[in-house]
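Novice: Take a look and give me a structure for this.
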Amino acid sequence: MSTENEGTEVPADPAAPSAPPTPPSPTPPSTAPAAQTQPLPPAPTDAPTAAHPQAQPQAPGHASAHAPAPAPAHGPEPVAAASAGGWPPPPPAVPAWGAPVPPAPAAPRKRTGGLVAAVLAAALVAGGIGGGIGYWAAERGDDGVGSTTVSSGEAPAAFKRDPGTVAAVAAQALPSVVTIQAKSGGAQGEGEGGTGTGFVYDQEGHIVTNNHVVASAAEGGTLSVTFPDGKSYDAEVVGRAEGYDVAVLKLTNAPKGLKPLPLGNSDKVAVGDSTIAIGAPFGLSNTVTTGIISAKNRPVASGDGSGGSNSYMSALQTDASINPGNSGGPLLDASGAVIGVNSAIQSTGSGFGQSQAGSIGLGFAIPVNQAKNVAQQLIKTGKPVYPVIGATVNMNEKGDGATIATQGSGGTPSVTPDGPAAKAGLKAGDVITGFGDHQIDSGPTLISEIWTHKPGDSVKITYERDGKTSTATVTLGERTGDS
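Specialist: Numbering: from 1, shown residues only. Here you go, the predicted model:
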């Protein structure tokens, strides 16, 4: 997230007065002999003098006088304007606003060398006093002065945005994107709270969001859902999947006419496809950002690092700005269909997860095909179902694959007897390097790929044992719940 930097005020240019100068007072007739009235030739301007130094050329990157920019707090001093005897010559005197225009002076003798200077000076002065002269003429109803200004009333009555533009897609999607306020059940209503995003899943009032958005309010807390029109509704948790980082809410008094967002096909998404993210970054509801799909199948582990509370995904990576508060919101394609659920960001401060650092162009979304399967399961039973291979893998090593541990948690076997991995012939110490069509470089990557499937799916596994590479087919089992 970026903030606008406010620079110090740029000093006014002495060569361009803020108000037109008043005409000079008449000079008394000279008493000198006629021979002394001949004007002196102009001083040469080719070489600067000590009294009138040449203006230094403007450094590259500085804003020009026609488009002033905020000056840096400790920037160079502005170049001084030339004195009255230098270049350019002083602008001609003009009347004060509202004063009669004095008669034009007698035509001077032709001086070719000063013609260009006079035109330039007149052009600069015209830019400075145009407003005053225009006002003076308008006050007197001068029909000879026309105006080329087009008023807003002459603009097209209705500006229609073509389907497929970001504005058109956002206009269609925004009414179905909600801001979620979660508050834990603290004593006397003083529990901790947070803000996230969700979107309308069906007309019955189900809302899809991230588990970490509502986790604090899941046990005795309160949830409220606010639509872009400002209307708020109470909501309750239907089900949560901690490992997938998906949750489903339901409005307690769902209004009629809810419009679910259309769901796309995340398997068909290609790198380079346009993306639109909608959410409430840092509590700023109804914020729309755009970008592209910058990578697919990106293994992401987010959470507090304690193991049981981590979530894993084979994520869609996007450079659309995603910040804390965007969590649970939709990632749309150019047609307005949901292709992912925004869930995590890469932060320069604390790695993957939901930190308070701003976006650096690396956001991650749960593919909608996976989120849809989880949401349907939560609506149906209230509990998540995970596909498993029945083996415990090392979650710390990275680079060579996912190594099956020597033993499981609590001293249990690392390969479940008669489980999917055991039936496929896998043993402790085997290093899984491929799962389906995807290369595996770590335990989290393996879990992320497993969870893109359903229980009962058969998947080809590539593994190494004693320096030899082998393959096997594993039929995924299932585990119900997060405990």
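
Novice: For G456, which three-state class applies?
Specialist: Assigned with DSSP: H, G, I helix; E, B strand; the rest coil, G456 falls in the coil class.

Novice: Over to it: give its phi and psi.
Specialist: phi 100, psi -20 (degrees, to the nearest 10).

Novice: Could you check how far the nearest residue to G429 once chain neighbours are set aside is from V271?
Specialist: Of all residues not flanking G429 in the chain, I404 sits nearest, at 6.3 Å (C-beta to C-beta, 6 or more residues apart in numbering). Where you see a C-beta, it was placed from the backbone N, CA and C, and this is true even at glycine. Using C-beta to C-beta, to the nearest Å, we find I404 at a distance of 32 Å from V271.

Novice: More neighbours: those two, which one.
Specialist: Between I404 and V271, I404 has the larger neighbour count (other C-beta atoms under 10 Å), namely 25 against 11.

Novice: circling back to that earlier point, identify the residues contacting the residue nearest to G429.
Specialist: I404 is in contact with 391-394, 414-415, 421, 426-432, counting by C-beta atoms under 8 Å, 6 or more residues apart in numbering.

Novice: now do 7 Å
Specialist: A391, T392, V393, S414, V415, L426, A428, G429, D430 (C-beta atoms under 7 Å, 6 or more residues apart in numbering).

Novice: do M395 as well
Specialist: Residues in contact with M395 (C-beta under 7 Å, 6+ apart) are G443, P444.

Novice: same question, T252
Specialist: Here T252 is in contact with Y233, D234, A235, E236 (criterion: C-beta under 7 Å, 6+ apart).

Novice: I276 now?
Specialist: Listed by C-beta under 7 Å, 6+ apart, the contact partners of I276 are V166, V169, A170, V288, T290, L332.

Novice: What is the helix or strand hosting the fourth one packed up against?
Specialist: V288 belongs to strand 287-302 when assigned by DSSP states H and E. Other helices and strands packing on strand 287-302, by 3 or more C-beta pairs under 7 Å, 6 or more residues apart in numbering; DSSP states H and E, are strand 274-279, strand 311-318, strand 338-347, strand 351-353, helix 443-450.

Novice: looking at those, which is closest to D245?
Specialist: Within these, the stretch nearest D245 is strand 311-318; the backing value is 3.7 Å (C-beta to C-beta).

Novice: Return the list of strands paired to the helix or strand just after the closest one, each annotated with direction.
Specialist: Following strand 311-318 in sequence order, the next helix or strand is strand 330-332 (DSSP H and E). Note on strand 330-332: by DSSP bridges, its sheet partners are strand 274-279 (antiparallel), strand 338-347 (antiparallel).

Novice: Tabulate the helices and strands packed on strand 287-302 (CSV), appending mean pLDDT and distance to K372.
Specialist: Formatted as CSV, the helices and strands packed on strand 287-302 follow (pLDDT from 0 to 100; distance: least, C-beta to C-beta, whole Å):
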stretch, mean pLDDT, distance to K372
strand 274-279, 96, 18
strand 311-318, 94, 14
strand 338-347, 92, 9
strand 351-353, 46, 23
helix 443-450, 94, 17
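
Novice: out of those, which comes closest to V178?
Specialist: strand 274-279 (10.0 Å).

Novice: Can you pull the poorly scored residue ranges out of the chain?
Specialist: Of all residues in the chain, those with pLDDT under 70 make up the ranges 1-159, 186-191, 303-309, 349-357.

Novice: Repeat the analysis, applying 90 as the threshold.
Specialist: Applying pLDDT under 90 to the chain picks out residues 1-164, 184-194, 216, 218-220, 283, 301-311, 345-361, 395-400, 407-411, 482-483.

Novice: ok, L446 touching G436?
Specialist: No. Contact criterion C-beta atoms under 7 Å: L446 and G436 do not qualify, at 10.9 Å.

Novice: Give me the more crowded residue out of these two.
Specialist: Between L446 and G436, L446 has the larger neighbour count (other C-beta under 10 Å), namely 27 against 15.

Novice: For G477, see how far away the more buried one is.
Specialist: 15 Å.

Novice: any idea whether the residue lying closest to T406 once chain neighbours are set aside is helix, strand or coil?
Specialist: Closest residue in space to T406, ignoring its immediate chain neighbours: A428 at 5.2 Å, by C-beta to C-beta, 6+ apart. Counting by three-state DSSP, the backbone at A428 sits in coil.

Novice: can you pull the contacts of A428?
Specialist: I404, A405, T406, S414, V415.

Novice: ok, which pair from the residues you listed is furthest apart?
Specialist: T406 and V415 (10.3 Å).

Novice: more crowded one of the two?
Specialist: Shown here are T406 and V415; by other C-beta under 10 Å, V415 has more neighbours (25 against 11).

Novice: Would you check that V271 makes contact with N297?
Specialist: No. Using C-beta under 7 Å, V271 is not in contact with N297, being 10.2 Å away.

Novice: tally of neighbours for S224?
Specialist: 17.

Novice: before we move on, what about A472?
Specialist: 16.

Novice: measure it to I432 for me?
Specialist: 10 Å.

Novice: In contact with I366, which residues?
Specialist: Contacts for I366 were tallied using C-beta under 7 Å, 6+ apart; they are Y244, D245, V246, M313, A315, G340, V341, S343.

Novice: S302 touches A344, doesn't it?
Specialist: Yes. Counting by C-beta under 7 Å, A344 is a contact partner of S302 at 4.2 Å.
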